[in-house]
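Trainee: I would like to see how this sequence folds:
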Amino acid sequence: MPVLASHRKPRARVRATAPAVGLTTAALASVTLLSAQSAVAAPGPKPGVEDVQKKVDDLYRQAGTATQRYNQAKEASAAQRAKVDALLDDVAQRADKLNDARRTLGTYAAAQYRSGSLTPTATFFLADDPQSYVDQSQLMGRMTSRQQKAVTDFRTQQARAAKKRAEAVRSLETLTTTQTTLRTSKQNVQKKLGEARTLLSKLTAEEKARLAEIERKKEAEARRKARELAKRQTAAKTEADRKAEEAAKGSGGTGTGTGTGSDSGATTKAGQVLAFARAQLGKPYVWGAAGPASYDCSGLTQAAWKSAGVNIPRTTWDQVKIGTRVATADLRPGDLVFFYDDISHVGIYKGDGMMIHAPKPGANVREESIYSMPIYSSVRPA
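Mentor: You can find the predicted model right below:
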């Protein structure tokens, strides 16, 4: 019997390829997972030293701005506190006067009561709301002039006391708002300084050395510009003196005058300002400080001019508005030089393109070129 061929289809041989597909999928999944982990774990490019310097300088400038807001809020808070205290004292005094007027009315009422007749006048005196009752002209007609004066005094004191109480309440609300601003400004200063310290702490020793070198080059360039300014100012003064001497000779004078009394007085004040500023050299910068052991920038300028008998505001934003605006080329010793577009820093010009200022946290009061920062404007306080 012939052998019949099998009609079954051959079984597909997929066992050899199935594991390969599984391994490939697993491998792809692993690669994807590792790639994702690498993307999360891999840090971004480390900022260069120049970037760190720029960021730190910007943070210090922002801290300077926040410091001026703090100074402004602190000054406003002190002024508002004094106003509130004065108002509360006034309210207390008016309460005493109101009570005196009330006692006077009570005396009249008691006298009428003792006489045995409680007249409409006595009813008025003992009423809870005498002010409404006093509007009745018939009652006022029965009163003596002395009684009428007592009622008028009572009404006046009552109205004044109510007005002062309302004013005191509004002032207390303003004080609360100002103190909130004060706390916020303080927190902002601390935040900016903390960010700057964190950035600096992450630098390696090599990076710190490089940063110091960048600062030295920046300082050298600023001093070069200061010397150029000094040369221009010297040349301008020499030319001005020459013209003044020629003019004096032409008019028959000797040309040895010392200038006007006003110029002499200004020179004296400037000398006192600089003497004070020099005496503060080496003292630490502390934001919000105005001496005598430490200063911020506007605290130093305010104290220096106060030593010369001239009171100027506390903040850079207010100091820049006083006196006479002067060009950089016309700066004289004692003038105030302001920096940055937000006017967040100020120094005292000492001549030759140099200034004395309280620079920033971690630094001391020192002499430095006015070109170490971008100049905003300059003023002559007096």
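Trainee: which ones are touching residue 200?
Mentor: Counting by C-beta atoms under 8 Å, 6 or more residues apart in numbering, residue 200 touches 52, 56, 208. All C-beta atoms are positioned from the backbone trio N, CA, C, and that covers glycine.
Trainee: packing partners of the strand or helix carrying the last one?
Mentor: Right, the one you point to is residue 208. Here residue 208, judged by DSSP states H and E, is contained in helix 205-250. Applying 3 or more C-beta pairs under 8 Å, 6 or more residues apart in numbering; DSSP states H and E, we find helix 205-250 packed against helix 49-114, strand 366-369.
Trainee: buried stuff in the helix or strand just after that helix?
Mentor: Next helix or strand after helix 205-250 toward the C-terminus (DSSP H and E): helix 261-279. Of the residues in helix 261-279, those with enough neighbours to count as buried (16 or more other C-beta atoms under 10 Å) are 266, 269, 270, 272, 273, 274, 276, 277.
Trainee: quick one on the thing from earlier: worst average pLDDT in the helices and strands packed on helix 205-250?
Mentor: Between the helices and strands packed on helix 205-250, the lowest average pLDDT goes to helix 49-114, which shows a mean of 81.
Trainee: who are the packing partners of that one?
Mentor: helix 120-126, helix 145-201, helix 205-250, helix 297-306, helix 316-319.
Trainee: circling back to that earlier point, and which of the contacts of residue 200 is nearest residue 240?
Mentor: residue 56 (42.5 Å; C-beta to C-beta).
Trainee: how close does the closest residue to that closest one other than its chain neighbours get to residue 241?
Mentor: Sequence neighbours aside, residue 196 is the residue nearest to residue 56 in space, at 5.0 Å (criterion: C-beta to C-beta, 6 or more residues apart in numbering). Per C-beta to C-beta, to the nearest Å, residue 196 is found 47 Å from residue 241.
Trainee: more neighbours, the two?
Mentor: Legend: neighbour count by other C-beta atoms under 10 Å for residue 196 and residue 241, higher for residue 196 (22 against 11).
Trainee: give me the local confidence score for that one.
Mentor: For residue 196, the pLDDT comes out at 87.
Trainee: and it, how far is that from residue 182?
Mentor: Separation of residue 196 from residue 182 (C-beta to C-beta): 22 Å.
Trainee: with residue 54 instead?
Mentor: Look at residue 54 and residue 182: by C-beta to C-beta, they are 30 Å apart.
Trainee: would you indicate which residues of stretch 207-224 are buried?
Mentor: Within stretch 207-224, judged by 16+ other C-beta under 10 Å, the buried ones are 207, 210, 211, 222, 223.
Trainee: give me the distance between the residue nearest to the first one when sequence neighbours are not counted and residue 368.
Mentor: Taking C-beta to C-beta, 6+ apart, and ignoring the residues beside it in sequence, residue 207 has residue 49 as its nearest neighbour in space, at 5.1 Å. Note on residue 49: its distance to residue 368, by C-beta to C-beta, is 22 Å.
Trainee: can you check residue 64 too?
Mentor: 15 Å.
Trainee: tell me which of these two has more neighbours.
Mentor: residue 64 (27 against 19).
Trainee: what residues are up against residue 302?
Mentor: Here residue 302 is in contact with 290, 312, 313, 314, 319 (C-beta under 8 Å, 6+ apart).
Trainee: any low-confidence regions in the stretch 151-300 of the chain?
Mentor: Applying pLDDT under 70 to the stretch 151-300 of the chain flags residues 252-262.
Trainee: residue 162 and residue 88, how far apart?
Mentor: 15 Å.
Trainee: let me know how buried the residue lying closest to residue 293 once chain neighbours are set aside is, in neighbour terms.
Mentor: Distances taken as C-beta to C-beta, 6+ apart put residue 283 closest to residue 293, at 6.6 Å, once the chain neighbours are dropped. The burial count assigned to residue 283 is 18, neighbours taken as other C-beta under 10 Å.
Trainee: so between residue 54 and residue 182, which is more surrounded?
Mentor: Neighbour comparison, residue 54 and residue 182: the larger count goes to residue 182, with 21 against 12 (by other C-beta under 10 Å).
Trainee: if I look at residue 366, how far off is residue 300?
Mentor: On the measure of C-beta to C-beta, residue 366 and residue 300 end up 11 Å apart.
Trainee: for the two, list the residues in contact with both.
Mentor: Counting by C-beta under 8 Å, 6+ apart, the residues touching both residue 366 and residue 300 are 356, 357.
Trainee: more crowded one of those two?
Mentor: residue 300 (26 against 16).
Trainee: close enough to count as contact, that one and residue 359?
Mentor: No - with contact defined as C-beta atoms under 8 Å, residue 300 does not reach residue 359; the gap is 10.3 Å.
Trainee: follow-up on the earlier one: what residues are up against the residue nearest to residue 207?
Mentor: 203, 207, 210, 211, 214.
Trainee: what's the answer for residue 218, then?
Mentor: residue 372.
Trainee: re earlier: any chance of the contacts of residue 49 in JSON lines with distance to residue 95 as columns?
Mentor: What follows is the contacts of residue 49, written out as JSON lines (distance: C-beta to C-beta, whole Å):
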{"residue": "203", "distance to residue 95": "64"}
{"residue": "207", "distance to residue 95": "68"}
{"residue": "210", "distance to residue 95": "70"}
{"residue": "211", "distance to residue 95": "64"}
{"residue": "214", "distance to residue 95": "66"}
